[in-house]
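J.: Take this sequence and fold it.
(4 chains)
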There are 2 protein chains.
Amino acid sequence: MVETPARPESRGERKERTRRAILDAALALCEDSSLVALSLRQVAKEVGIVPTAFYRHFESIEALGLELVDESFVSLRAMLRDVRRRDPALEDVIDGSIRILVEHVHQQRAHFHFIARERAAGPPTVRGAIRHEIELCERELAADLTRLPDIGPWSAEDLRVLSNLIVMAMVATAEAILSAPRRPDAEKQIVETARTQLRMVLIGALNWRSRS
Amino acid sequence: MVETPARPESRGERKERTRRAILDAALALCEDSSLVALSLRQVAKEVGIVPTAFYRHFESIEALGLELVDESFVSLRAMLRDVRRRDPALEDVIDGSIRILVEHVHQQRAHFHFIARERAAGPPTVRGAIRHEIELCERELAADLTRLPDIGPWSAEDLRVLSNLIVMAMVATAEAILSAPRRPDAEKQIVETARTQLRMVLIGALNWRSRS
DNA sequence: AGTTTGAGTGAACGTTCGTACACCCGGGAC
DNA sequence: GTCCCGGGTGTACGAACGTTCACTCAAACT
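T.: Numbering: from 1, shown residues only, chains lettered A, B, ... in the order given. Next comes the predicted model:
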């Protein structure tokens, strides 16, 4: 039972509200352990329902995890849309992209943390789902890179390798922000590092390509 | 009780043997979950001792985890020593380093897997220990890079950033190998990707530096 | 108005968990 | 030869676990 609302509430609304409460509770509870160490009863207690009521919404903790993956990547995709919408090369692409990344990491801290954790430690199906989503991100990035004049004519394989490297660096940067002390100067350094690294990578890619 | 040996065995030897058995069992048991989901009783059962006997060797699962971190990095450090021993630029540094990395990942599969997992999902103290060890690796790499003629005069900060990028790429490569299908061609592609990426990074670093 | 449906309840089950405690018994020091 | 230290044992506990089942009762359908 999820607190009585002020006024009327349809059956479906009620259900959706409980479902959300379960997802939020799970996200919060596994913040410092992992899905694989999260119990159905903890979640139920946190939400304020009896354990068996959990099954009305999810088949298992693992199924709940897959839902959280979807949810996390919805917001991540929103971020990528933001990045892509920017006029390329109007202002510095690198600085802008990193700024948006950092912004979204703060806004969706729990989701990013969830992904970073379960990517390595979640149940196999969850790990697989996350890996798949990240591959999609790499493909999208590769497609975007084609639009940059100096990179357009590259081979598909080269684009894949470069995208993989960049996404990897962005994942690592997000992880660094998440696990750094929450002081602005610490974050500032991480951002500065990421910026330099992205520059190195891009310049390297260009020079490497033009001589091979 | 860990199987009766053929002949005499000192008290200390016996204890060490049980301790090893516990460490190995824990490493094997958390292979597809995480330390935070590993129970003392599972470990005890696997080893073949009664649950309470566990406390004769470790204060808690978390303490056992810290021990596993140390152990993992001992072998990792051995690997780095291998890499460093190679005559620089005798054969291609990149190819040789990656080859050694791959070799060690296979030899110490369980340890690498453990690190990759607990780095993101372990108990806070374990995460901290792993982060610290990885930082040490970055510093060692930075020191090594100083010996390369074209990089020697770089600033400490630039070296840090470059080392961070390279170590990050190596961690990601190791993770990719661990979670890839165990077919030689799949691994071959990962290795090829890593090699190209390292080249891009190094060339980028050199060019970026020489123009700033 | 009468009936169906389904989210949430509550008690109960068989396990497994971490930990406490008293105990055993053989190697090693005296 | 005696004593003690300590790795390993066995039992026992209260708590938490996933899952079952029969239930309520109000919204929604007919």
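
J.: Mind listing what's buried along the top helix by length along chain A?
T.: The longest helix of chain A (DSSP state H) is helix A:184-210. By 16 or more other CB atoms under 10 Å in any protein chain shown, the buried positions in helix A:184-210 come out as A:187, A:190-191, A:193-209. Where C-beta positions appear, they are placed from N, C-alpha and C, glycine not excepted.

J.: Which stretches in chain A count as helices?
T.: Using DSSP H, helices in chain A cover A:11-29, A:40-47, A:61-85, A:93-107, A:109-121, A:124-146, A:156-179, A:184-210.

J.: Quick one: these as TSV, columns for mean pLDDT too.
T.: Putting those into TSV (pLDDT from 0 to 100) gives the following:
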stretch	mean pLDDT
helix A:11-29	97
helix A:40-47	98
helix A:61-85	95
helix A:93-107	95
helix A:109-121	98
helix A:124-146	96
helix A:156-179	97
helix A:184-210	93
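
J.: For B:Glu67, see how far away A:Val36 is.
T.: 21 Å (CB to CB, to the nearest Å).

J.: Show me which of these two is the more surrounded one.
T.: Neighbour count, other CB atoms under 10 Å in any protein chain shown: between A:Val36 and B:Glu67, A:Val36 has more, with 22 against 17.

J.: my guess is the more buried one meets A:Pro123, correct?
T.: Yes - between A:Val36 and A:Pro123 there is a contact under CB atoms under 8 Å: 6.0 Å.

J.: Find the residue closest to A:Val126 in space, skipping its chain neighbours.
T.: Using CB to CB, 6 or more residues apart in numbering or on different chains and skipping residues adjacent in sequence, the residue nearest A:Val126 is A:Gly65, 4.4 Å away.

J.: Neighbours of the one you found, how many?
T.: By other CB under 10 Å, neighbour count at A:Gly65 equals 26.

J.: and what of A:Arg81?
T.: Neighbour count of A:Arg81, defined by other CB under 10 Å: 10.

J.: separation between it and chain B?
T.: Distance from A:Arg81 to chain B, counting by CB to the nearest CB, to the nearest Å: 25 Å.

J.: so what's that residue up against?
T.: With contact set as CB atoms under 8 Å, 6 or more residues apart in numbering or on different chains, A:Arg81 has no partners.

J.: Which ones, among the buried residues of helix A:184-210, also lie beside chain B?
T.: A:193, A:196-197, A:199-205, A:207-208 (CB under 8 Å from any CB of the partner chain).

J.: May I have the residues that are in contact with whatever residue of chain A ends up closest to chain B?
T.: Residue nearest to chain B within chain A: A:Gly204 (2.1 Å; CB to the nearest CB). When contacts are counted by CB under 8 Å, 6+ apart, A:Gly204 touches B:199-205, B:207-208.

J.: Not counting sequence-adjacent ones, nearest residue to it?
T.: B:Gly204 (2.1 Å).

J.: what does A:Ala186 give?
T.: A:Ala180 (4.8 Å).

J.: So chain A: which segments form each domain?
T.: The record assigns chain A these domain ranges, following automatic domain parsing: A:1-58, A:60-210.

J.: Buried residues, stretch A:14-27. List them.
T.: Going by neighbour count (16+ other CB under 10 Å), the buried part of stretch A:14-27 is A:18-19, A:21-23, A:25-27.

J.: What of stretch A:30-46?
T.: A:30, A:33-38, A:40, A:42-44.

J.: so how far is the first residue of stretch A:77-97 from its last?
T.: End-to-end span of stretch A:77-97 (CA to CA, to the nearest Å): 13 Å.

J.: do stretch A:33-50 as well
T.: 23 Å.

J.: Please convert the domains of chain A to CSV, extending it with distance to B:Val161.
T.: Shown next, in CSV, are those (distance: least, CB to CB, whole Å):
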stretch, distance to B:Val161
domain A:1-58, 29
domain A:60-210, 5
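
J.: of all those, which gets the most neighbours per residue?
T.: domain A:60-210 (a mean of 17; mean count of other CB atoms under 10 Å in any protein chain shown).
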